[in-house]
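Chemist: Please find the sequence and the predicted model below.
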Amino acid sequence: MVSVAEATRLILAQVYRPGTERIKIEEAVGRVIAESIKADRDFPPFDRVAMDGIAVNYQAIEEGWEGFRVEGLQPAGQPRLTLKNDKNCIEVMTGAMLPIGCDTVIRYEDVTVVHDMAKLKTKNITRGQHVHPRAQDAKRGDTLLSPGTRLAIGEVALLAAIGWLECTVYRFPKTAIVSTGNELVDVHDRPLPHQIRRSNSHALRAVLHQMGCPVDLFHLPDDQNIMERELEKLFKIYEVVILSGGVSKGKFDFVPAALKHLGVETIFHQVSQKPGKPIFFGTTKKQVIFGLPGNPVSSFLCFYRYIRPWLLGTMGIKPPEANAVLAAPVELKNADLTHFVQVRIKHEKGIQMAYPVPGGGSGDFANLREVDGFLEIPQGATAAVGEAYPLTLFRHD
């Protein structure tokens, strides 16, 4: 049995070198770009009006001018006008080109426009106000995105703004999620009194899909021969195999024996933690294999604490470390284990506070709807109220 820290080190040390693929930008949120993206023009490409109002030459303000005759209207999306008289003004709309001869915009709230005259209502005006200068954000040829950048909505908007409909991203490993157990039936089936519907695999697939990782679902019964035969087939196709259930020491927990028979090298089996102690991690020359406990809370914890960071790490992304302050007492039954306490997070006076959420153990996933993540109380710690501890969130971006 290894510690949480050692399990983390062993998993993150397993190198996966991702390939690349070309995808549409609307599919790119959450993916990691694998190419350098440069500006095809200045950003913004012209002196841009940032507020609806009037555009003037600031020299007239310096000379004490307070009334301006309106020469015309500069809408967004129209060619640039020219101010003919530097004592006049041009009405301008947000996003428009700043007219030639103007350097300052005064918003409508600060002027009174009657017919073709605009009069100032304030003297609090500065040169260049409400103007977004050309190339202030980026110059043509500047690198906007570098390989290894994780794409969010802002980056997708940026790609669209420079005319990219597709981009090259790192490819997540092809992944199989394999649930095990005779007690499990498909979500479409009506379970008998001794059965339950499969939920872990669907939940994990949803998270992996959100990350951009291709996933297929499979189910295997508690039969070692069938397990070995079917897993051998999966090992020919998938780079990552995540098993749910069958990794403990029960008489029908055949996963470790089946994997050993198939030549999987056991990196570790069992971590000194609660919940999730039976987690398995192993490799072949071509596969990475995770065996998660079947209890839902344990399964979710182990996925978010170990598998998700590893997958992001293969793309060159280190998830940000988070901490939260324990806000209420919690009972720990075994100081020799690292405890992951289900918590609800509240922000109080700028501090992230973690409130323990009571539950029925690692098999009680109904209460997870009240939980934001798991507070990690290290081995030997006393879970002191007011102390900050590492936080594993599963409600994330």
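Modeler: That came in fine, so what should we check first?
Chemist: okay, CA-based contacts and neighbour counts for the rest of this
Modeler: Noted.
Chemist: Check which helix or strand Ala354 maps to.
Modeler: Using DSSP states H and E, Ala354 sits in strand 351-356.
Chemist: Give the buried residues for that strand.
Modeler: Within strand 351-356, the residues that qualify as buried by neighbour count (16 or more other CA atoms under 10 Å) are 352-356.
Chemist: Ok, stretch 166-178 next?
Modeler: 166-173, 175-178.
Chemist: what residues does the strand ranked longest in the chain touch?
Modeler: Taking DSSP state E as the criterion, the chain has its longest strand at strand 338-348. If you take CA atoms under 8 Å, 6 or more residues apart in numbering as the criterion, strand 338-348 is touched by 4, 272-275, 324, 332, 352-358, 370-380.
Chemist: so where's the stretch 151-300 of the chain uncertain?
Modeler: Applying pLDDT under 70 to the stretch 151-300 of the chain flags the ranges 184, 250-252.
Chemist: Apply 90 and report the result again.
Modeler: Within the stretch 151-300 of the chain, the segments meeting pLDDT under 90 span 181-200, 210-212, 214, 222, 245-254, 294-296.
Chemist: Please enumerate the strands of it.
Modeler: 166-170, 175-180, 184-185, 196-197, 215-220, 240-244, 265-269, 273-274, 280-283, 288-292 (DSSP state E, counting those that start in this stretch).
Chemist: So which of these is nearest Ile317?
Modeler: strand 166-170 (11.5 Å; CA to CA).
Chemist: That closest one packs against which elements?
Modeler: strand 20-24 (3 or more CA pairs under 8 Å, 6 or more residues apart in numbering; DSSP states H and E).
Chemist: From the chain's centroid, how far away is the strand it packs on?
Modeler: 19 Å (CA atoms, centre = their mean, to the nearest Å).
Chemist: Can you tell me the strand partners of it and which way each runs?
Modeler: Taking DSSP bridges as the criterion, strand 20-24 pairs within the sheet with strand 166-170 (antiparallel).
Chemist: Mind listing residues that contact the strand it pairs with?
Modeler: Contacts for strand 166-170 (CA under 8 Å, 6+ apart): 18-25, 31-35, 315.
Chemist: Among the buried residues of stretch 166-178, which one lies nearest to Asn88?
Modeler: For those, the nearest to Asn88 is Glu166 (46.3 Å; CA to CA).
Chemist: Please name the bridge partners of the closest one.
Modeler: Lys24.
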